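1. Quick one, structure for this:
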Amino acid sequence: MKKKINKLTYEKSGVSIKNADKLIGNISKKTKNKDSNVLAGIGGFASLYALDIKKYKNPVIVCGTDGVGTKLKLASKLNEHRYIGQDLLAMCVNDVITSGATPLFFLDYLATSKVDINLHTQVINGIKKSCDSIKIPLIGGETAEMPGMYNKKDYDLAGFCVGVVDKKDIIQKNKVKKGDILIGFESTGFHSNGFSLINKLIENKSLSLKQSFKKSSLGKALIKPTKLYVDVFELLRDKLNIHGAAHITGGGLTENLPRVIPDKYAAHVIKDSIKIPDLFKLVQEKSMLSEQEMLKTFNCGIGMVLIVNKNDVNKFSKIFKKTKYKPRIIGYIDKREDTQDIVYE
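-> Below is the predicted model of the structure:
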């Protein structure tokens, strides 16, 4: 008798090309690129984008990449995956715009043990919807099935944003000077920052996703996606000269503000102006973190900080008077007198 041969196929090893193709097909059908600069998008080996150099005398490409960290664990616990795409886009785009750049396009990378058509379509549709909201194309991406690397329905995300700015319009720290004013824009919550600590509080039952919070549940408050600040910069473009911009993520105000300030200066932050939201106070209470530790860990209610000339503050206020934003002065720039690059008053 001939020995029976047990053929080991790619699909038997845990990878379904059919499912991956179906997932890409679902997204491609909904992705009709209205941007005439997109020459080739989803489905090919590479995406092509034609840069309109007539708009820029000296175009500078600005790039940013990031993920959403352990907020993915929270999304899994809540079985809520519609908003994690906005988190991914925002973590990349909000970094890119701090240089004064206009975002051009976005790419994503999704890795999982096994493609789940329903679950992962929700995730990528969330990315696509968020890209549409700021009028940039989801130009391409990658979906990787890696059985044995991830458990069950676990997945990971990474994003890549490319923007452009004219060299003369780059927001650089050398523009910052003594007397400049710090203007803070509110966050929608924890954004995609600090969830390793929050997940630990949930695991040890110090917090419950089902507990009541602000006429809703704590879970719904925590899953709120990261705010996109693209329109803030669009409103100010050609109207006001921004001296500095800081996206407040991991490290909070304490670590992120000094990144956009020259070494000879210090950021003076008026603590009472921050108005730490109740959601952060709850986490502070359960984790027993000091105020100093909170400001060095979380955004504490401020997701973006702009640095502007003190003489432009009234003009700044008029621009935002009839918008959804309620920016507020949270401090000022002064000469550094010691080793501290940020001072809380």
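2. how about the strands in the stretch 101-250 of the chain?
-> Counting by DSSP state E, counting those that start in this stretch, one finds strands in the stretch 101-250 of the chain at the ranges 102-112, 138-145, 155-166, 181-186, 212-213, 216-217, 242-247.
3. If you average pLDDT over each of these, which is lowest?
-> Mean pLDDT is lowest for strand 138-145 among those, at a mean of 91.
4. Regarding this structure, what is its longest helix?
-> When the chain is scanned for its longest helix (criterion: DSSP state H), the result is helix 117-133.
5. Mind listing what's buried along it?
-> 120, 121, 122, 123, 124, 125, 126, 127, 128, 129, 130, 131 (16 or more other C-beta atoms under 10 Å). Glycine gets a C-beta too; all of them are placed from N, C-alpha and C.
6. contacting residues for the third one?
-> Spelled out, that is residue 122. Shown in contact with residue 122 (C-beta atoms under 8 Å, 6 or more residues apart in numbering): 81, 82.
7. Need the nearest residue in space to residue 278, chain neighbours excluded.
-> Leaving aside its sequence neighbours, residue 278 sits nearest to residue 214 (C-beta to C-beta, 6 or more residues apart in numbering; 7.3 Å).
8. Against residue 231, how distant is the residue nearest the centre of the chain?
-> By C-alpha atoms, centre = their mean, the chain has its centre lying nearest to residue 91, at 1.7 Å. According to C-beta to C-beta, to the nearest Å, residue 91 and residue 231 sit 17 Å apart.
9. where does the residue nearest to the centre of the chain fall, helix, sheet strand or coil?
-> Of the three states, residue 91 takes helix under DSSP: H, G, I helix; E, B strand; the rest coil.
10. And for residue 311?
-> Secondary structure, three-state DSSP: residue 311 is helix.
11. And the one 3 residues further on, by the same measure?
-> Assigned by three-state DSSP, the conformation of residue 314 is helix.
12. and the gap between it and residue 59?
-> In terms of C-beta to C-beta, residue 314 sits 33 Å off from residue 59.
13. same check, this time on residue 114
-> According to C-beta to C-beta, residue 114 stands 42 Å off from residue 59.
14. next one: residue 147
-> 43 Å.
15. now residue 203
-> Applying C-beta to C-beta, the value for residue 203 to residue 59 is 48 Å.
16. Show me how this structure divides into domains.
-> Per automatic domain parsing, the structural domains of the chain span 17-169, 173-344.
17. what's the least confident stretch among the ones you listed?
-> domain 17-169 (a mean of 89).
18. residues in contact with the closest residue in space to residue 103 that isn't next to it in sequence?
-> Leaving out its chain neighbours, the residue that sits closest to residue 103 by C-beta to C-beta, 6+ apart is residue 163, at 4.5 Å. The contact partners of residue 163, by C-beta under 8 Å, 6+ apart, come to 61, 62, 63, 64, 93, 96, 97, 99, 101, 102, 103, 104.
19. Report all helices and strands that the host helix or strand of the first one contacts.
-> Using DSSP states H and E, residue 61 sits in strand 59-66. Helices and strands touching strand 59-66, as assessed by 3 or more C-beta pairs under 8 Å, 6 or more residues apart in numbering; DSSP states H and E, comprise helix 84-96, strand 155-166.
20. So which elements touch the first one?
-> Of the remaining helices and strands, those touching helix 84-96 by 3+ C-beta pairs under 8 Å, 6+ apart are strand 59-66, helix 71-78, strand 102-112, helix 117-133, strand 155-166.
21. Can you lay out the ones you listed as TSV showing distance to residue 181?
-> Shown next, in TSV, are the helices and strands packed on helix 84-96 (distance: least, C-beta to C-beta, whole Å):
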stretch	distance to residue 181
strand 59-66	25
helix 71-78	32
strand 102-112	25
helix 117-133	29
strand 155-166	23
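22. Determine which of the ones you listed approaches residue 255 most closely.
-> Across the helices and strands packed on helix 84-96, the minimum distance to residue 255, taken as C-beta to C-beta, is reached by strand 59-66, at 15.6 Å.
23. Return the set of buried residues in the closest one.
-> For strand 59-66, a neighbour-count test (16+ other C-beta under 10 Å) marks 60, 62, 64, 66 as buried.
24. ok so, going back, tell me if I'm right that the residue nearest to the centre of the chain and residue 249 touch.
-> Yes. With contacts counted by C-beta atoms under 8 Å, residue 91 reaches residue 249, the gap being 7.1 Å.
25. So for the two, which residues contact both of them?
-> By C-beta under 8 Å, 6+ apart, the residues touching both residue 91 and residue 249 are 191, 192.
26. does residue 331 sit in a helix or strand, and which one?
-> Taking DSSP H and E as the definition, one finds residue 331 inside strand 328-335.
27. Report the strands that pair with the helix or strand following that strand, each with its relative direction.
-> Following strand 328-335 in sequence order, the next helix or strand is strand 342-344 (DSSP H and E). Paired strands of strand 342-344, with direction, are strand 265-269 (parallel) (DSSP bridges).
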